[in-house]
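When you get a sec, could you give me coordinates for this:
(chains A and B)
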Amino acid sequence: MLEISNLHVAVGGTEILKGLTLAVPAGEVHAIMGPNGAGKSTLSYALTGREGYEASRGSVTLDDVDLLAMSPEARAAKGVFLSFQYPLEIPGVPTMTFLKAALNAQAKARGEADVSATEILKRVRARAEELRISPEMLKRPLNVGFSGGEKKRMEILQMMVLEPRLAILDETDSGLDIDALRIVAEGVNALRSPDRAMLVITHYQRLLDYIRPDKVHVLVGGRIVDTGGPELALALEKDGYDKYLAAA
Amino acid sequence: MAGTALPTRRTEAWKYSDLARALPGVTLSAPTDTARIIEALAGSVTHIDVPAETSVLSVDRFGADAMEARAFAAHVKAGATLTRVVVQTATDGVPLGAVRVRLDAGATFRQFIYAEGAKLARFETEVSVEGAGAHVELNGVYLVDDGRHADLTSQVIHAQPGGETRQLIKGVARKGGRGVFQGKILVAPHAQRTDARQNHHALLLEDGGEVFAKPELEIHADDVQCAHGNTVGGLDADALFYMRQRGLPEAQARALLIEAFLGEAVSASLPDDLRAEILQRIGSWLGASQ
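Model prediction:
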């Protein structure tokens, strides 16, 4: 479903991704692990079309459609969702208003009818309850004054409401205590589905205790240098990235 | 020559607004204090008296393609409230408004200015807190497009103790638009326990937009709380990307961010119909300019 082939991305003149190749079939959850500076966040921005993270070589397709030629909003409408490592605060825009605008913008881009306000309200409230997000928080401007854990839960809420085809979770575990981590992981697991692919980017194995990946890829020096099953994450936790760094 | 020339950029109180250039050929028949030019051009001052414990709403609209100068003097008695709303829509005219307000003990003056700018638009507000525990709220937004100039100038003098000022002015400027904010808060030596906050924030929506800001706090008392903030910048690129990642087209994401930015200054205390009108005007200004 997601096919990344020989992807090269330079940021501010320095090449960060140096020929990254990766495929995630529908229905699977893949984890990407790597040390600081390996290019994990660059990958998430390149996939979502952030300015300054354009590919110089290689290709990325989702369901055989070229993602790299599309604007960020067109990719979102195609079903690409990024849970940000550092979710942004959007002052003055209530969470509910924002979600409604996002849902309807995506529907419009796909040529679908608007989702009714009551339907959105129903959907958001049900999901919010699962994530222990209070109705009061939904009225507040998106993420403004929220704690790190609340912001991450808000990302997962958006993911649940937008129901993406490809979900990218960038360091979703950072800044979460054990309880919040469990709530977030339950939310992610509830979204596992045969027609959805997920890419879980993380530093630590901890998150993968809760979200069990089908495959684990090791990203070092801008390339995937190893791929294995969940046991690979445990080995990395024990031995670190030294052997890969030495080889790179 | 009998008359007095209008202020130019050499005149301190008018340094960002060149009135002589906006009104060529206009002179005044008698020498006038530069801080009283608008009164002189208006020719007369309308007096508003707000009796104790009453409320008055005054709405002042500007929208002519000519010079419109209007001056008010208000006296708000103990415990009374004066709410003033100025709505100025874009023209090639020269709208000029001045209001001088005296507040007695426990009185409230609330003002909201909506300004789209004109060839030259200037709104002056001067408030004297002359009784203990008076409240001042001076909010406003300016939205200036190519060739428009909007100047919001204010002075609040806290002459008595325990007063409170809340000022929040927000502005946006497109290419060729110019916004001016001059705000002074003066706290006299015995005006203890004054609590004053002044904020002015502006967004330059395009290269070539201009904003001039002169925030001033002059504090002569020692037991006061005064804070001010002043920023001029562009739209937050990170927030914009975040919103686009969620599927909002760039134009819609920008409009939502700008509306939210300006909306913070549109006071919740405004009468509902005026508040709705102002939010609607902001929406159409943003829509029309895209």
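
count of residues packed around A:A69?
A:A69 has 11 neighbours, counted by other CB atoms under 10 Å in any protein chain shown. Where C-beta positions appear, they are placed from N, C-alpha and C, glycine not excepted.

Can you give me the first-to-last residue distance of stretch A:58-68?
Across its full length, stretch A:58-68 reaches 9 Å between end residues, using CA to CA, to the nearest Å.

Likewise for stretch B:60-77?
Between the opening and closing residues of stretch B:60-77 there is a gap of 21 Å (CA to CA).

Might you name the residue of chain A sitting closest to chain B?
A:G92 (2.7 Å; CB to the nearest CB).

In contact with residue 80: list those residues for me.
If you meant another chain, say so; for now it's chain A. When the contact criterion is CB atoms under 8 Å, 6 or more residues apart in numbering or on different chains, the partners of A:V80 are A:47-48, A:62, A:67, A:164-166, A:168.

The intended chain is chain B.
Under the criterion of CB under 8 Å, 6+ apart, the neighbours of B:A80 are B:50-56, B:104, B:107-108.

One more pass at 6 Å, please.
Contact criterion CB atoms under 6 Å, 6 or more residues apart in numbering or on different chains gives B:50, B:52-54, B:107 as the residues in contact with B:A80.

and if you look at A:G228?
A:G228 neighbours (CB under 6 Å, 6+ apart): A:V216.

anything in stretch A:36-44 near chain B?
No: using CB under 6 Å from any CB of the partner chain as the criterion, no contacts between stretch A:36-44 and chain B are found, and the smallest distance is 9.9 Å.

still on that earlier bit, could you export the contacts of B:A80 as JSON lines, including neighbour count and distance to chain A?
Listed next are these as JSON lines, based on neighbours: other CB atoms under 10 Å in any protein chain shown; distance: CB to the nearest CB, whole Å:
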{"residue": "B:V50", "neighbour count": "24", "distance to chain A": "32"}
{"residue": "B:A52", "neighbour count": "13", "distance to chain A": "37"}
{"residue": "B:E53", "neighbour count": "12", "distance to chain A": "35"}
{"residue": "B:T54", "neighbour count": "13", "distance to chain A": "34"}
{"residue": "B:A107", "neighbour count": "28", "distance to chain A": "31"}
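
which one of these sits closest to A:P230?
When the contacts of B:A80 are compared for distance to A:P230 (CB to CB), B:A107 wins out at 70.3 Å.

Show me the helices in the chain, by range?
Since you didn't name a chain, this refers to chain A. Along chain A, the stretches classed as helices by DSSP state H are A:40-48, A:72-78, A:95-109, A:117-130, A:135-139, A:148-162, A:178-190, A:206-210, A:230-239, A:242-247.

That was the other one, I meant chain B.
Read by DSSP H, chain B holds these helices, from start to end of the chain: B:19-22, B:37-42, B:237-245, B:250-263, B:272-288.

surely A:R75 meets A:L47?
No: A:R75 lies out of contact with A:L47 (CB atoms under 6 Å); the separation is 7.8 Å.

Tell me which of the helices of chain B approaches chain A most closely.
Distance to chain A, taken as CB to the nearest CB, is lowest for helix B:250-263 among those, at 2.7 Å.

burial of residue 127, as a residue count?
Going with chain A. By the measure other CB under 10 Å, the count of residues near A:R127 is 19.

I was after chain B.
Here the number of neighbours of B:V127 (other CB under 10 Å) works out to 25.

Check A:V24 too.
Applying the criterion other CB under 10 Å, we find 22 residues in the vicinity of A:V24.

what's the answer for B:V141, then?
If you count neighbours by other CB under 10 Å, B:V141 ends up with 27.

go on, B:G117?
The burial count for B:G117: 27, using other CB under 10 Å.

Please report how far it lies from B:V56.
Plainly put, B:G117 is 28 Å away from B:V56 if you go by CB to CB, to the nearest Å.

same check, this time on A:R110
Using CB to CB, one gets 53 Å for the distance from A:R110 to B:V56.

what about those two, which has more around it?
Set side by side, A:R110 and B:V56 show more neighbours around B:V56, with 15 against 11, by other CB under 10 Å.

check contacts around that one.
By CB under 6 Å, 6+ apart, the residues touching B:V56 are B:50, B:82.

got the contact list for stretch B:235-247?
For stretch B:235-247, the surrounding residues in contact (CB under 6 Å, 6+ apart) are A:48, A:50, A:72-73, A:76-77, A:82, A:88, A:90, A:102, A:105-106, B:250, B:253, B:257.

could the helices of chain A be laid out in TSV, adding distance to B:A40 and mean pLDDT?
Below are the helices of chain A laid out as TSV (distance: least, CB to CB, whole Å; pLDDT from 0 to 100):
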stretch	distance to B:A40	mean pLDDT
helix A:40-48	59	95
helix A:72-78	54	97
helix A:95-109	47	93
helix A:117-130	54	90
helix A:135-139	49	89
helix A:148-162	55	92
helix A:178-190	65	86
helix A:206-210	71	87
helix A:230-239	79	89
helix A:242-247	77	84
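
Ok, which of those helices comes nearest B:I278?
When those are ranked by distance to B:I278, counting by CB to CB, first place goes to helix A:95-109 at 18.2 Å.

which bits of chain A sit near chain B?
Listed as neighbours of chain B in chain A under the rule CB under 6 Å from any CB: A:48, A:50, A:72-73, A:76-77, A:82, A:88, A:90-93, A:101-102, A:105-106.

Need the per-residue pLDDT for the residue nearest the centre of chain B.
With the centre of chain B defined as its mean C-alpha position, the nearest residue by CA atoms, centre = their mean is B:L152, 3.8 Å away. Here, the pLDDT recorded for B:L152 equals 98.

what's the neighbour count on A:T95?
Taking other CB under 10 Å as the neighbour definition, A:T95 ends up with a count of 23.

And for A:S5?
Using other CB under 10 Å, A:S5 has 14 other residues around it.

which one is it nearest to, not counting chain neighbours?
For A:S5, ignoring the flanking residues on the chain, the nearest one in space by CB to CB, 6 or more residues apart in numbering or on different chains is A:S59 at 4.9 Å.

What is the neighbour count of that neighbour?
By the other CB under 10 Å criterion, the neighbourhood of A:S59 contains 15 residues.

Can you add pLDDT and distance to B:E206 and give the contacts of B:A80 back as TSV?
As requested, those are exported to TSV (pLDDT from 0 to 100; distance: CB to CB, whole Å):
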residue	pLDDT	distance to B:E206
B:V50	98	42
B:A52	97	49
B:E53	97	48
B:T54	97	46
B:A107	98	42
